[in-house]
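A.B. asks: Build me a structure from this.
(chains A and B)
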Amino acid sequence: EPEVTQTPSHQVTQMGQEVILRCVPISNHLYFYWYRQILGQKVEFLVSFYNNEISEKSEIFDDQFSVERPDGSNFTLKIRSTKLEDSAMYFCASRVAGYNSPLHFGNGTRLTVT
Amino acid sequence: AQSVTQLDSQVPVFEEAPVELRCNYSSSVSVYLFWYVQYPNQGLQLLLKYLSGSTLVKGINGFEAEFNKSQTSFHLRKPSVHISDTAEYFCAVSPRQGAQKLVFGQGTRLTINP
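C.D. replies: Modelled structure (predicted):
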């Protein structure tokens, strides 16, 4: 069964550095998402992406964050200048068209900012 | 806006016993309802979803959930659990319109003891 794949599985970075988290969604999916889960807290929506543009974003997704689909397969989340509070598990998800189509999640990237 | 409350952060159960994981939600608009499971070091996997129709929904691995509109609940149940059901379980809702932005509960850690 096709899967959403995320790399790396664990990323350690220093505060103030830029980091790019990578995702390869399922090939025929059209909607892409990033969620994050700070340790011990809820999984939170960050951003949704469709037709090469952001369709919705949360308050968390400020100017330090950006997303890109640079080619036909990758979907990236960039954090421009990481802060300690950006440490979290970041999940990528994708789905096909249709309001009731389920999200398929990747295994996540654990980002640790020191 | 939507919110989801999972009333139990941890549920220990003996193998072959029944289990119920509780979920209540609030929303000003109609929503879809979901249960996701996260096994150790893996992503979120869809267990089941309620879109419309019958309020009793059956999912994978023998789980089922019942939508109760008057009580705004969507409790997850399994009549007999196995060691392999040990995982974190997340209840989530999504508005019926828009980008299918999932709002998650805080999760319930289900631990099955032999």
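A.B. asks: Can you name the residues of chain A sitting close to chain B?
C.D. replies: For chain A, the residues in contact with chain B (CB under 8 Å from any CB of the partner chain) are A:4, A:6, A:31, A:35, A:41-45, A:48, A:50, A:55-56, A:91, A:93, A:95, A:99-108. Placement of C-beta: from N, CA and C, glycine included.
A.B. asks: Find the centremost residue of chain A, please.
C.D. replies: When CA atoms, centre = their mean is applied to chain A, the residue found nearest the centroid is A:Trp34 (3.2 Å).
A.B. asks: can you check chain B too?
C.D. replies: Short answer for chain B (CA atoms, centre = their mean): B:Trp35, at 3.3 Å.
A.B. asks: got a list of what that residue touches?
C.D. replies: B:23, B:46-49, B:59, B:63, B:65, B:74, B:76, B:89-92 (CB atoms under 8 Å, 6 or more residues apart in numbering or on different chains).
A.B. asks: neighbours of B:Phe90, just the number please.
C.D. replies: 25 (other CB atoms under 10 Å in any protein chain shown).
A.B. asks: May I ask which helix or strand encompasses it?
C.D. replies: strand B:87-95 (DSSP states H and E).
A.B. asks: quick revisit: residues contacting the residue nearest to the centre of chain A?
C.D. replies: With CB under 8 Å, 6+ apart, A:Trp34 has these contacts: A:21, A:23, A:46-47, A:67, A:77, A:90-93.
A.B. asks: Can I get these in JSON lines including neighbour count?
C.D. replies: Converted to JSON lines, the contacts of A:Trp34 look like this (neighbours: other CB atoms under 10 Å in any protein chain shown):
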{"residue": "A:Leu21", "neighbour count": "23"}
{"residue": "A:Cys23", "neighbour count": "25"}
{"residue": "A:Leu46", "neighbour count": "21"}
{"residue": "A:Val47", "neighbour count": "21"}
{"residue": "A:Val67", "neighbour count": "22"}
{"residue": "A:Leu77", "neighbour count": "24"}
{"residue": "A:Tyr90", "neighbour count": "22"}
{"residue": "A:Phe91", "neighbour count": "26"}
{"residue": "A:Cys92", "neighbour count": "28"}
{"residue": "A:Ala93", "neighbour count": "26"}
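A.B. asks: So which of these is the closest to B:Ala17?
C.D. replies: A:Phe91 (30.9 Å; CB to CB).
A.B. asks: Am I right that that closest one is in contact with B:Gln42?
C.D. replies: No: using CB atoms under 8 Å, A:Phe91 makes no contact with B:Gln42, being 10.8 Å away.
A.B. asks: got the CA coordinates for the strand holding B:Phe90 in PDB?
C.D. replies: The C-alpha trace of strand B:87-95 is given here as PDB (Å, rounded to 0.1, in the frame of the first residue of the first chain):
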ATOM      1  CA  ALA B  87      -1.000   2.300  21.300                       C
ATOM      2  CA  GLU B  88      -2.100   6.000  21.500                       C
ATOM      3  CA  TYR B  89      -5.600   6.700  20.200                       C
ATOM      4  CA  PHE B  90      -6.700  10.100  19.000                       C
ATOM      5  CA  CYS B  91     -10.200  11.300  18.400                       C
ATOM      6  CA  ALA B  92     -10.500  14.100  15.800                       C
ATOM      7  CA  VAL B  93     -13.200  16.200  14.100                       C
ATOM      8  CA  SER B  94     -13.100  18.100  10.900                       C
ATOM      9  CA  PRO B  95     -15.600  20.600   9.500                       C
END
